[in-house]
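> sharing a model that was predicted from the sequence below.
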Amino acid sequence: MRSKMTTQQTNGSTADFLGKLSIFQDLTPEQLATLASIAEEYTFDRHSVIAYQRDVADSLYIVRDGRLFATSVDENGVVRDSRSYFAGDYFDDRWLFVKEAHPATIKGGGNGRVIIIP
C-alpha cells in the first residue's frame with residue numbers, strides 16, 4: 001500500500017535530498033525547490049506495488065529510503081531480469097526522452113519511501 005505524505009512533511013527535506021543526487025547536481029537551490037514542489041513522496045510497505053510491468057512509464061521514481069525490487073517476466077511468466085533499488089537510486093528516467101512502458105514490476109522490499117516526479 002502506498003500512502004502520500006503531506007507537502008509540509010516533505011518539501012524542504014525533499015529539495016535537500018534531490019540536490020545530493022548526481023542526476024540533479026547541477027541544479028540551483030531555486031530549481032531544486034521548484035522540483036521538490038512538484039514531487040510527490042509516498043511511503044510503501046513490503047510487497048506494495050509501485051509500478052506494474054507494461055504500464056505507461058510517465059514519471060521518474062527515486063527511492064528515498066528502503067528497498068525496491070524490480071522483476072521482469074516474459075509472456076510465459078518466466079522471470080527474465082531482476083534487480084534491486086536502494087536509497088538514491090532512480091528508475092524510468094527514459095520517459096524524459098521517449099514514452100515507454102515499465103520494463104518490470106516494482107515492489108517494496110520492506111517499508112520505505114519513494115519520490116515520484118511526474
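Sure thing, it's come through.
> I figured residue 64 hits residue 17, correct?
Yes - using C-beta atoms under 8 Å, residue 64 and residue 17 qualify as a contacting pair, with a distance of 6.5 Å. (C-beta placed from N, C-alpha, C; glycine too.)
> shared neighbours of those two, anything?
Contact criterion C-beta atoms under 8 Å, 6 or more residues apart in numbering; residues shared by residue 64 and residue 17: residue 115.
> for the most centrally placed residue in the chain, helix, strand, or coil?
Nearest residue to the geometric centre of the chain (C-alpha atoms, centre = their mean): residue 61, 1.9 Å. For residue 61, the assignment made with DSSP: H, G, I helix; E, B strand; the rest coil gives strand.
> who's in contact with it?
Listed by C-beta under 8 Å, 6+ apart, the contact set of residue 61 reads 50-51, 90-92, 106, 114-116.
> recalculate using a threshold of 10 Å.
Listed by C-beta atoms under 10 Å, 6 or more residues apart in numbering, the contact set of residue 61 reads 42, 50-51, 68, 85, 89-93, 95, 102, 106, 114-117.
> among those, which ones are in strands?
When DSSP state E defines the strands, the subset of these inside them is 42, 50-51, 68, 85, 90-91, 106, 114-117.
> want to throw those into CSV with pLDDT, neighbour count and distance to residue 27?
CSV is the format used below for these (pLDDT from 0 to 100; neighbours: other C-beta atoms under 10 Å; distance: C-beta to C-beta, whole Å):
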residue, pLDDT, neighbour count, distance to residue 27
42, 95, 19, 22
50, 95, 22, 24
51, 93, 23, 25
68, 97, 23, 24
85, 96, 21, 22
90, 93, 17, 14
91, 89, 23, 20
106, 95, 25, 25
114, 96, 25, 20
115, 96, 23, 15
116, 94, 18, 18
117, 93, 20, 12
